[in-house]
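K.L.:
the sequence and its predicted three-dimensional model are supplied below.
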Amino acid sequence: MSENTPLQAAESASGTFGDYDRVAIVTGGDSGIGRATVVALAERGFDVGLTYHEDEEGARGAAEEVRAAGRTAAVRRHDLRDPQTAAGVVEELIAELGGVGVLVNNAGVGTQQPLLDIDYAQWRDTLAVDLDGPFLCARAAGRHMVAQGRGGRIVNVTSVHEAYPRVGAGPYCAAKGGLRMLTRTLALELSAHGITANAVAPGEIATPMTGQHEQPPVSGSRGGYPLGRPGDAREVASVIAFLAGPESSYVTGATVFVDGGMTMMGPQASGALETGEWRAG
């Protein structure tokens with residue numbers, strides 16, 4: 001008699017291992033990391049519900065890529081500045097697709113102003129999109145996962161700024177730091193139900209959010225990064241897909257940095273600066 005593989009052993013130890021619905025919900029699935037994640041999950045056998053805010057054409061294109069992989073796609077618009085309504089959209093996608101096994105909280109917004117220049121409305125909008133929305137979407141999906149009793153996966157896309165500040169990005173940094181701790185608390189509270197919660201923290205990725213509009217990363221273009229270039233959205237998506245899959249069954253409450261080594265450069269890089277230009281953001 002052959003011995004069980006590690007995955008089979010884990011399955012026998014937990015009735016929820018790998019048994020969750022092959023349905024994933026991805027917020028902000030119209031471009032960049034979100035769209036790459038939608039495609040990666042479809043290629044791994046998931047039906048995918050995806051949301052978008054403004055780029056309906058991008059969302060429809062992502063849905064076509066899901067269908068080309070032989071899976072079912074559903075698309076909804078939502079605005080996380082109204083996070084309670086947006087969480088209702090997640091409920092609609094779950095109903096249309098017949099369940100949920102994976103939630104990827106990817107949608108986000110940034111800021112580029114010093115804290116003393118930001119008004120309260122902008123502060124609140126940023127926290128609503130980057131922290132309140134993920135909480136309410138995770139609560140909606142998590143309740144379904146618990147009720148189904150087959151486990152599941154929650155993956156929150158944070159940023160290197162969940163741990164490291166940046167001038168001009170105060171609300172964003174505060175929200176991403178909060179999302180890091182939300183992820184860890186979800187991991188503790190949902191563990192009894194076979195549900196894992198993890199974060200993926202990208203560095204600079206060549207996407208519209210960083211002003212690079214899906215441009216291929218150019219090798220040697222970032223002298224301050226150990227790997228010397230921005231990342232590709234598919235490099236982040238592959239990590240998200242791993243955390244969404246059965247192979248990650250013993251990983252929970254973790255943050256995986258996907259940053260080309262950027263965050264290791266703190267003291268090294270600061271020692272190389274000769275001016276105070278960094279204060280301008």
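P.N.:
Arrived safely.
K.L.:
can you give me every residue that contacts residue 243?
P.N.:
For residue 243, the contact set (C-beta atoms under 8 Å, 6 or more residues apart in numbering) comprises 153, 155, 196, 198, 200, 251, 256. Just so you know, the C-beta spots here come from the backbone N, C-alpha and C atoms, and that holds for glycine as well.
K.L.:
how far does the helix or strand hosting the third one sit from its chain's centre?
P.N.:
Think residue 196. Element membership for residue 196 (DSSP states H and E) is strand 195-202. Centroid separation between strand 195-202 and its chain, computed with C-alpha atoms, centre = their mean, to the nearest Å, is 7 Å.
K.L.:
could you pull out the strands for the stretch 101-250 of the chain?
P.N.:
Along the stretch 101-250 of the chain, the stretches classed as strands by DSSP state E, counting those that start in this stretch are 102-105, 152-157, 195-202.
K.L.:
and the last one, what does it pack onto?
P.N.:
Of the remaining helices and strands, those touching strand 195-202 by 3 or more C-beta pairs under 8 Å, 6 or more residues apart in numbering; DSSP states H and E are helix 133-148, strand 152-157, helix 170-190, helix 233-244, strand 255-258.
K.L.:
pull out the buried positions in that strand.
P.N.:
By 16 or more other C-beta atoms under 10 Å, the buried positions in strand 195-202 come out as 195-202.
K.L.:
which of the strands of the stretch 101-250 of the chain sits closest to residue 57?
P.N.:
With respect to residue 57, and counting by C-beta to C-beta, the nearest of the strands of the stretch 101-250 of the chain is strand 102-105 at 20.9 Å.
K.L.:
give me the below-cutoff pLDDT ranges for the stretch 151-281 of the chain.
P.N.:
207-215, 218, 220-221 (pLDDT under 70).
K.L.:
and the residue nearest in space to the middle of the chain, what are its bridge partners?
P.N.:
The centre of the chain sits closest to residue 157, judged by C-alpha atoms, centre = their mean, with a distance of 2.6 Å. Legend: beta-bridge partners of residue 157 under DSSP bridges are residue 200.
K.L.:
is it correct that it is in contact with residue 244?
P.N.:
No: counting by C-beta atoms under 8 Å, residue 157 stays clear of residue 244, with 11.9 Å between them.
K.L.:
overlap in contacts, the two.
P.N.:
Shared contacts of residue 157 and residue 244, counting by C-beta under 8 Å, 6+ apart, come down to residue 104.
K.L.:
which one of the strands of the stretch 101-250 of the chain lies nearest to residue 225?
P.N.:
Closest among the strands of the stretch 101-250 of the chain, using C-beta to C-beta: strand 195-202, at 12.6 Å.
K.L.:
just the angle between the closest one and strand 152-157, please?
P.N.:
20 degrees (axes from the mean of the first three to the mean of the last three C-alpha atoms, to 10 degrees).
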